[in-house]
Structures are given as structure tokens and as C-alpha cells.
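Participant: structure for the following, please:
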Amino acid sequence: QVQLQESGPGLVKPSQTLSLTCTVSGNSITTNGFAWTWIRQSPGKGLEWIADIHYNGYTFYSPSLAGRTSISMDTSKNQYSLQLSSVTPEDTAVYYCARGVSWLYDYWGQGTQVTVSS
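Facilitator: Model prediction:
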């Protein structure tokens with residue numbers, strides 16, 4: 001059974017860097033063919049793809065966030081992480097990690113609320 005669990009601070013001050021970690025169980029993040037993704041949903045808006053890191057370490061970023069976003073993996077812990085810098089209240093959202101395969105996201109974490117506020 002594949003499970004993903006997000007962790008990180010629920011409150012971040014404007015201009016700071018948001019750091020989130022996704023812990024994966026039941027599937028090695030280096031298994032061929034999978035992508036590991038961050039997605040968010042802001043209040044009243046749809047889902048927004050943020051970034052992928054693939055099993056081989058290749059990374060892909062949303063153009064709208066690319067200048068502020070970094071995704072990385074820690075294979076020893078079977079985790080991958082997101083850093084989003086210079087946050088503003090517009091970055092307030094529920095952040096999800098998910099597994100991608102063949103252009104689908106088949107396993108999701110439960111989501112973690114992040115609020116940007118002073």
C-alpha cells in the first residue's frame with residue numbers, strides 16, 4: 001500500500017521560505033517510472049501543479065513559480081521536499097504531495113494547510 005504524508009509548518013511569515021516534506025512508504029521514490037509531485041489548492045481556486053521530481057532526479061517546475069521553487073529528494077529517507085521562497089499571502093493553500101505515473105496522479109497525501117501571515 002503506497003502512502004504519502006506531508007509535513008511542515010502550518011504558518012509562515014511573508015517573505016520567508018516555506019519548506020515541506022513528503023514521506024513516502026510502500027514505494028521507493030527511485031523506482032523507475034514514477035514522478036513525485038507537489039500540488040496546491042488556494043481558497044476558492046482549483047488545483048495548481050507546482051513541481052515534479054522524477055525517480056532519476058530530473059526536476060520540472062511550474063513556470064509561474066519556477067523562480068521561487070526548489071524540489072529535492074532524500075533517497076535515504078524515501079522523502080522529497082519542496083521549498084518556496086519569498087512567500088506572500090497568495091501562497092496560502094492546502095499543499096499536497098502525490099505520485100505521478102503515466103500522466104496521472106494515483107496516490108495523494110491528505111494535504112497540509114499552509115497559511116502565510118504575519
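Participant: distance check, the residue of the chain most remote from its centre against Val12.
Facilitator: Of all residues in the chain, Ser118 sits farthest from the chain's C-alpha centroid, using C-alpha atoms, centre = their mean; the distance is 22.8 Å. With distances taken as C-beta to C-beta, to the nearest Å, Ser118 is found 10 Å from Val12. In short, each C-beta sits where N, CA and C put it, glycine included.
Participant: residues contacting Leu65?
Facilitator: Remark: with contacts taken as C-beta atoms under 8 Å, 6 or more residues apart in numbering, Leu65 is in contact with 50-51, 84.
Participant: please name the nearest non-neighbouring residue to the residue nearest in space to the middle of the chain.
Facilitator: Nearest to the geometric centre of the chain sits Trp38, at 2.7 Å (C-alpha atoms, centre = their mean). Spatial nearest neighbour of Trp38, excluding adjacent residues (C-beta to C-beta, 6 or more residues apart in numbering): Ile50 at 4.2 Å.
Participant: re earlier: in a markdown table: the contacts of Leu65, plus secondary structure and neighbour count.
Facilitator: Shown next, in a markdown table, are these (DSSP: H, G, I helix; E, B strand; the rest coil; neighbours: other C-beta atoms under 10 Å):
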| residue | secondary structure | neighbour count |
| --- | --- | --- |
| Ile50 | strand | 24 |
| Ala51 | strand | 23 |
| Leu84 | strand | 24 |
